[in-house]
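>>> fold the following.
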Amino acid sequence: MTVFDETGESRGVVSNIDVTVVVPCYNTEKFLDQALSSIEQNDRCSLEVIVVNDGSTDGSLAIMRSHEATDDRVRVIDKPNGGYGSAVNRGFSEARGTYLAILEPDDWAEPHMYDDLIDYARTFSLTLGDDAPDIVKSPYWRIWMPTTPQERRYQCSYKGRIAVGVPQPFTLSQEPRLIQHHPSIWSALYRRAFIEGRGIRMKEVPGAGWVDNPFLFETMCQAERIVYLDRPYYCYREDLPGSSSVKRVASLSFERWGDMADVVDRLGITDKGILRSLYTIGFRYIGGSLGENAMEDPKLVEMICVMCRRMDPSIVRACGNVSPKMRAFVLDMAGQPSDRLSKASYCDALVREFFYSVRNNGLGFALSRVGIFLRRHAAEHGLVDPTSTRSASI
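Numbering: from 1, shown residues only. Next up is the predicted model:
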């Protein structure tokens, strides 16, 4: 197949591309060269890199063009600003790879991420045809406090927890924890025929807009064959605090939780493990907003009420990894009985989580998580009062 660039000139014959990596870029000149260089280190698989310039106003486009000029696997698409979802969708629409991947331009991948993930996919389907895995998933590195003297690298929260004793390939109902944590959509490959056949696209809104959340649910819930390689490659720079309005983040989190719940409803999913993971995300959003005085904002109170009413009360009661105080709050906001919630399962979950953190990231990290827990616990006790919130929220 002959491929042409944006000027109409031939880029040569391209066939049998294993992976298309889409890089949606808006004003990230500080990190973009590192991001693109990390992709280019893959040399065993047939690779295509589509860098979508989403209306950058800094020097990002020049960096993209320099990579395009020196590596014929790189192609730049220059478009007006439309947001993260729009940029990814444009890249997906022009991709030719058997698998699709996303790399955000302020992150990077360790060498041979895509080589290794494709090799792993081939262990399940040598031809990478219709019986190939729909999703090839891996954990990632958390780059904590990036670009500061305090920068540290930590394992993500599901490293060592997925596909333990589960035959591969598997479906989400067998490993629902995959959707419970950060929506790390970029530490995976997605079979293009699966994405296109299911009509999966990202929500298009201004900016980033947390559109990775519903995309995670669309892909994971619809995939029939998921495989997992428990080796982190992707290096994710976590946001520095104070980058956006607290109320805007809280409002957006509730909106996206609604989008995820819509996916579950539309697909008719009743699996308790999947629903429990969805609810766990909701508990996390509520807890974060309560710590920032969300109950003083009538709009946020109503959004919390809507979320709570969409949860199955029996599953809420059974979420032993969530504090009884938080479960009581959610049940009360939904107008449901909130008595007789055991603390034993919650205490057990806390102990297991502490020792997991020690094994995964060391004692110092685990102790820091205890500090976060204590602050959240104090916020719950100070703000979550089932006897005083119900009348104000119904």
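>>> confidence score at residue 250?
On the pLDDT scale, residue 250 is placed at 81.
>>> give me every residue that touches it.
285, 288-289, 292, 294, 300 (C-beta atoms under 8 Å, 6 or more residues apart in numbering). (Glycine included, C-beta is placed from N, CA and C.)
>>> who wins for neighbours among these?
Among the contacts of residue 250, residue 289 has the most neighbours (other C-beta atoms under 10 Å), with 25 neighbours.
>>> any buried residues in the helix or strand hosting it, and which?
Per DSSP states H and E, residue 289 falls inside helix 272-290. Buried residues in helix 272-290, defined by neighbour count with 16 or more other C-beta atoms under 10 Å: 273-290.
>>> please apply the same query to stretch 31-45.
31-33, 35-36, 38-40, 42, 45.
>>> and stretch 118-125, by the same measure?
For stretch 118-125, using 16+ other C-beta under 10 Å, the buried residues are 118, 120-122, 125.
>>> between these, which sits nearest residue 217?
For residue 217, the nearest member of the buried residues of stretch 118-125 is residue 121. The distance, counting by C-beta to C-beta, is 22.0 Å.
>>> give the contact list for the closest one.
99, 128, 132-133, 136, 189, 227.
>>> can you check residue 330 too?
Counted by C-beta under 8 Å, 6+ apart, residue 330 has contacts 282-283, 286, 308, 311, 316.
>>> contacts only, for residue 64.
Shown in contact with residue 64 (C-beta under 8 Å, 6+ apart): 25, 32, 36, 51, 53, 74, 76.
>>> oops, could you answer that again for residue 147 instead?
residue 237.
>>> per-residue confidence at it?
Reading off the model, residue 147 has pLDDT 90.
>>> and if you look at the one 10 residues further on?
The confidence metric pLDDT takes the value 95 at residue 157.
>>> in three-state terms, label it for me.
State at residue 157, reduced to three classes by DSSP: H, G, I helix; E, B strand; the rest coil: coil.
>>> for the helix holding residue 289, what is the average pLDDT?
For helix 272-290, the per-residue pLDDT averages 94.
>>> after that helix comes which helix or strand?
helix 298-309.
>>> mind listing what's buried in that following helix?
Neighbour-count burial for helix 298-309 [16+ other C-beta under 10 Å]: 300-301, 303-305, 307-308.
>>> what residues does the following helix or strand past that helix touch?
Proceeding N to C from helix 298-309, the next assigned helix or strand is helix 313-318, under DSSP H and E. Helix 313-318 has contacts (C-beta under 8 Å, 6+ apart) with 272, 275-276, 279, 327, 330-331, 334, 336-337, 341.
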